[in-house]
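Chemist: Could you look at this predicted model? Sequence included:
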Amino acid sequence: MRIGIDLGGTKIEALAMDEQGKELARYRVDTPRDDYDGTVAAMAGLVHLLEEKTGRTGSVGAGIPGSISEKSGLVKNANSTWLNGRPLDKDLSAALGREVRIANDANCLAVSEATDGAAAGKRVVFGVILGTGCGGGVAIDGRVHAGPNGTGGEWGHNPLPWPNAEENPGPLCYCGKRGCLEMWVSGTGLARDYQQTTGRQRSAREIIAAFEAGEREAAAIVDRLEDRLARGLATVINTLDPDAFVLGGGLSLAQHLYESLPKRLPTYVFGREVDTPILQARFGDSSGVRGAAWLWPVSRERSTFSA
Ligand SMILES: [Zn+2]
């Protein structure tokens, strides 16, 4: 049995699944915010609950909104800031008495969707979480590619490519730089653009709904979002040329993206030829927790990946 844990800023979700990826049990609890020891205890508690419920023991993987530094062994880049500077994998391993694997949550999305989701069997998958912020992750042959700095896929903190005069230098990002893609291509960026254009405050979900209902102001803002996302994805194609993109997070539910992006990409991709599929995450919100469970190697019969 495999157990996956998705550590989010507000909820911790854990799922047990069998060798075929069939869900056996699932629990979720509120995240003990600003309480590191409480977070480790909550994660371990969910594993114990799943093992009691199923009567089996499992391998444990966890997706976190950050990464573990190869150099220091400590969490870095987590927007759940109470995790930063802590050896979460070691502490969770100690609490559970077994080895635990930890990866960035966007990498978990990519692994989940490459294993048995929308991009099943694709060799190189680039996952994008378009939520409050924007995260990227890379799976190669169904395994995380984090890289020696743990920053593989951290595309959201590259600058918005080909900025026009109004987009330059761009808003200040929490990472300390200006104009990061995350500041533009995210629910937060969409809501900021709407507020600055119309003077009205609306959530990303409301803006997408207004766009789908035919509101002109919302259409102009969604048009800009799609163009910026196309520019961002074009640089991924020009760098990595993945076999597929998979989009997750709240904004990935906007169906217009899947018509619009393939038409926009050739404008920006070198050579102007683009056949890369852009897919909606099959498992939606569950991709993170499923990908965490799949962090343990796929068994031999499942490991056939093709371009
Ligand atoms: Zn940034």
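Modeler: Good, I have the coordinates.
Chemist: hey, let's count contacts and neighbours off CA atoms from now on
Modeler: Noted.
Chemist: Identify the residue nearest residue 193 in space, chain neighbours excluded?
Modeler: Take residue 193 and drop its neighbours on the chain: the residue closest to it by Cα to Cα, 6 or more residues apart in numbering is residue 221, 6.8 Å away.
Chemist: burial of that neighbour, as a residue count?
Modeler: Using other Cα atoms under 10 Å, residue 221 has 20 other residues around it.
Chemist: show me what contacts residue 181?
Modeler: Residue 181 makes contacts with 134, 155, 156, 157, 158, 159, 160, 232, as judged by Cα atoms under 8 Å, 6 or more residues apart in numbering.
Chemist: So which of these sit within helices?
Modeler: Among these, the members falling in helices are residue 232 (criterion: DSSP state H).
Chemist: Against residue 226, how distant is the residue of the chain positioned farthest from its centre?
Modeler: Each residue of the chain has a distance to the centre, and by Cα atoms, centre = their mean the biggest one is for residue 55: 31.2 Å. Distance, residue 55 to residue 226, by Cα to Cα, to the nearest Å: 47 Å.
Chemist: can you check residue 78 too?
Modeler: In terms of Cα to Cα, residue 78 sits 26 Å off from residue 226.
Chemist: go on, residue 140?
Modeler: Distance from residue 140 to residue 226, by Cα to Cα: 26 Å.
Chemist: Also residue 159?
Modeler: Taken as Cα to Cα, the span from residue 159 to residue 226 is 16 Å.
Chemist: Check residue 67 too.
Modeler: For residue 67, the distance to residue 226 - Cα to Cα - is 28 Å.
Chemist: Looking at these two, which is more packed in?
Modeler: Comparing residue 67 with residue 226 by other Cα under 10 Å, the one with more neighbours is residue 67, at 25 against 18.
Chemist: Look up which residues are beta-bridged to the more buried one.
Modeler: Taking DSSP bridges, one obtains residue 76 as the residues bridged to residue 67.
Chemist: How about residue 137?
Modeler: Going by DSSP bridges, residue 137 forms beta bridges with residue 127.
Chemist: pretty sure it is touching residue 154, no?
Modeler: Yes. Between residue 137 and residue 154 a contact is recorded at 6.9 Å, counting by Cα atoms under 8 Å.
Chemist: Mind checking which of the two has more residues around it?
Modeler: Counting neighbours by other Cα under 10 Å for residue 137 and for residue 154 shows that residue 137 has the greater number, 28 against 20.
Chemist: What is the burial count for residue 278?
Modeler: Residue 278, neighbours per other Cα under 10 Å, totals 21.
Chemist: mind checking the SS state of the closest residue to it other than its chain neighbours?
Modeler: Residue nearest to residue 278 in three dimensions, not counting chain neighbours: residue 245, with 4.8 Å by Cα to Cα, 6+ apart. Of the three states, residue 245 takes strand according to DSSP: H, G, I helix; E, B strand; the rest coil.
Chemist: All the helices of the protein, in order from the start?
Modeler: 36-54, 88-96, 105-116, 181-184, 187-198, 204-212, 216-239, 256-268, 287-293.
Chemist: a markdown table for the ones you listed, including mean pLDDT and distance to the ion?
Modeler: Formatted as a markdown table, these follow (pLDDT from 0 to 100; distance: least, Cα to the ion, whole Å):
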| stretch | mean pLDDT | distance to the ion |
| --- | --- | --- |
| helix 36-54 | 98 | 24 |
| helix 88-96 | 97 | 23 |
| helix 105-116 | 94 | 16 |
| helix 181-184 | 95 | 7 |
| helix 187-198 | 95 | 13 |
| helix 204-212 | 96 | 20 |
| helix 216-239 | 97 | 14 |
| helix 256-268 | 97 | 22 |
| helix 287-293 | 95 | 22 |
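Chemist: Tell me which residues touch the residue at minimal distance from the centre of the chain, please.
Modeler: Note on the chain: the residue nearest the mean C-alpha position is residue 106, at 2.6 Å, using Cα atoms, centre = their mean. Contact partners of residue 106, counting by Cα under 8 Å, 6+ apart, are 127, 128, 129, 135, 136, 137, 138, 288.
Chemist: now do residue 274
Modeler: Counted by Cα under 8 Å, 6+ apart, residue 274 has contacts 262, 265, 266.
Chemist: Now do the same for it: its pLDDT.
Modeler: Residue 274 is assigned a predicted lDDT (pLDDT) of 97.
Chemist: From residue 7, how far out is the closest residue to residue 158 other than its chain neighbours?
Modeler: In this structure, residue 158 finds its nearest non-sequential neighbour in residue 180, 5.4 Å apart by Cα to Cα, 6+ apart. Distance, residue 180 to residue 7, using Cα to Cα: 24 Å.
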